[in-house]
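Trainee: pasting a predicted model and its sequence here:
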Amino acid sequence: MNRVPFEVMVKEIERVLVNKGLRDDRAKECARLFSEASLDGVYSHGLNRVPRFVEYIDEGWVDIHASPTLVADLGVLEQYDGNLGPGNLNAQYSMDRAVSLARENGLGVVAIKNTNHWMRGGSYGWQAANAGCIGICWTNTESCMPPWGSKDRRVGNNPMVLAVPRKDGHIVLDMAMSQFSYGKLEVTRLKGELLPVDGGFDSDGNLTRVPAEIEKSMRILPAGYWKGSGLAVMLDLIAALLSGGLSTSKVDKLKPAPHASGYGTSQVFMAFDPAKLSEESLSQSAVDDLVRYLHDAEPAEGHGNVSYPGERTLQTRRDNLEKGVPVDDAIWQKVLEL
């Protein structure tokens with residue numbers, strides 16, 4: 001892999017999106033979200049995702065001119081229709097509204113239906129934390145994971161993000177309900193590596209660490225086995241109910257093509273303003289105490305220092321800003337040719 005300066009990546013993706021018809025300001029923001037995902041080490045939903053996003057635009061599955069429209073104003077809860085606009089822009093707007101509501105009320109909730117793939121979910125956790133808010137958000141997806149005890153895909157991997165602001169580095173957990181996302185499988189396969197632990201079943205029902213075998217069988221492993229499977233079901237159901245949108249079973253039927261991912265999904269964004277709940281110094285002290293407690297833990301055999309969620313992301317961000325963002329040469333070339 002070569003490395004590309006972050007600003008160069010932003011400009012190239014922005015150029016592609018402007019050529020596809022996005023308004024200049026929207027293209028710039030969309031390109032920044034893609035590039036920041038790669039900057040933070042989530043390559044599968046950063047640069048690697050751009051060619052597929054362009055395909056979705058060309059197919060008419062993403063309406064580049066659409067923005068969220070308000071469906072219902074229920075005080076601290078707002079419902080929106082995403083109108084199948086660019087998923088990352090819709091998600092960013094939704095978290096921004098949740099933060100604004102939290103500034104007024106201490107709590108803000110935005111539920112959006114009929115939107116598209118939000119790309120890296122962690123983006124919106126970092127967004128909330130950068131605004132000084134606790135953030136929680138999740139999305140449902142099309143069926144891509146078997147419920148526990150089944151071979152058939154019937155639930156989404158329904159990523160969830162939790163974020164807590166901290167002056168010396170936000171704490172952000174970004175996780176799918178599967179042990180590994182399909183994006184992680186792809187990145188690991190492209191590197192010619194194995195997963196660090198079993199990530200799913202092969203076609204014969206054997207647990208495996210080989211990404212290609214799991215991609216072939218489509219039997220990714222729920223995180224926590226039956227617990228991750230159950231949590232995925234509940235996140236799907238709550239997102240659909242709060243937004244008035246589709247659950248996974250209906251998303252499956254709506255998909256315009258078998259490989260269309262994240263089309264017509266439902267999402268929830270929550271923000272809490274700690275300043276409304278307690279003094280800022282007390283909030284930061286509680287967070288810092290937890291970080292110190294984690295750092296003081298004795299590492300297990302074969303492991304380095306114990307880190308909090310998001311700590312390694314911060315280090316990756318610093319490294320990639322300094323050295324350039326790693327890119328898969330073939331994908332980078334493909335983006336340059338778009």
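Mentor: That came through fine.
Trainee: state the pLDDT value of Ser229.
Mentor: Confidence at Ser229, expressed as pLDDT, is 97.
Trainee: and it, what does it touch?
Mentor: By CB atoms under 8 Å, 6 or more residues apart in numbering, the contact list for Ser229 reads Met145, Pro147, Trp148, Val155, Met177, Pro222. In this view, the C-beta of every residue, glycine as well, is placed from N, C-alpha and C.
Trainee: and of the residues you listed, the nearest to Asp202?
Mentor: Met145 (15.4 Å; CB to CB).
Trainee: which SS state does Lys151 fall under?
Mentor: coil (DSSP: H, G, I helix; E, B strand; the rest coil).
Trainee: quick one: it from Ser94, how far?
Mentor: According to CB to CB, to the nearest Å, Lys151 and Ser94 sit 35 Å apart.
Trainee: look up phi and psi at the residue nearest the centre of the chain.
Mentor: Nearest to the geometric centre of the chain sits Gly121, at 1.9 Å (CA atoms, centre = their mean). With angles defined as degrees, to the nearest 10, Gly121 sits at phi -60, psi -30.
Trainee: thinking again about what came up before, higher neighbour count, Lys151 and Ser94?
Mentor: Between Lys151 and Ser94, counting by other CB atoms under 10 Å, Ser94 is the more crowded of the two (27 against 11).
Trainee: does the more buried one belong to a helix or a strand, and which?
Mentor: Here Ser94 sits within helix 87-105, counting by DSSP states H and E.
Trainee: wait, the residue nearest to the centre of the chain touches Leu162, no?
Mentor: No - the pair Gly121 / Leu162 is not scored as a contact, 10.4 Å apart, by CB atoms under 8 Å.
Trainee: so how far is Asn105 from the residue nearest to the centre of the chain?
Mentor: In terms of CB to CB, Gly121 sits 24 Å off from Asn105.
Trainee: does Leu195 count as helix, strand or coil?
Mentor: coil.
Trainee: can you pull the pLDDT of it?
Mentor: We have a pLDDT of 97 for Leu195.
Trainee: now do Ala72
Mentor: Value listed for Ala72 in the pLDDT field: 98.
Trainee: is it bridged to anything, and to what?
Mentor: Gln79 (DSSP bridges).
Trainee: give the contact list for it.
Mentor: With CB under 8 Å, 6+ apart, Ala72 has these contacts: Glu78, Gln79, Gly244.
Trainee: would you confirm that the second one contacts Asn114?
Mentor: So the one you mean is Gln79. No - applying CB under 8 Å as the test, Gln79 and Asn114 come out as separate, 10.9 Å apart.
Trainee: what does Glu279 show for phi and psi?
Mentor: Main-chain torsions, Glu279, degrees, to the nearest 10: phi -60, psi 140.
Trainee: can you check the one 4 residues further on too?
Mentor: For Ser283, the backbone dihedrals are phi -60, psi -50 (criterion: degrees, to the nearest 10).
Trainee: burial check on the closest residue to it other than its chain neighbours, number of neighbours?
Mentor: Leaving aside its sequence neighbours, Ser283 sits nearest to Pro274 (CB to CB, 6 or more residues apart in numbering; 4.4 Å). Neighbourhood size, Pro274 [other CB under 10 Å]: 20.
Trainee: domain map for the chain?
Mentor: The chain is divided into the following domains under automatic domain parsing: 1-59+326-338, 68-176+223-277, 179-221.
Trainee: show me what counts as buried in stretch 101-111.
Mentor: Leu101, Ala102, Arg103, Leu107, Gly108, Val109, Val110, Ala111 (16 or more other CB atoms under 10 Å).
Trainee: how about those residues, which pair is most distant?
Mentor: Taking CB to CB, no two of these sit farther apart than Arg103 and Ala111, at 18.6 Å.
Trainee: contacts only, for Met270.
Mentor: Applying CB under 8 Å, 6+ apart to Met270 gives the contacts Ala98, Leu107, Gly108, Val109, Val110, Gly135, Ile136, Cys137.
Trainee: change it to 7 Å
Mentor: Met270 is in contact with Ala98, Val109, Gly135, Ile136, Cys137, counting by CB atoms under 7 Å, 6 or more residues apart in numbering.
Trainee: correct me if wrong, but the fourth one is in a helix.
Mentor: Right, Ile136. No - assessed with three-state DSSP, Ile136 is strand; it does not lie in a helix.
Trainee: that one and Val164 touch, don't they?
Mentor: No - the criterion here is CB atoms under 7 Å, and Ile136 misses it with Val164 at 10.0 Å.
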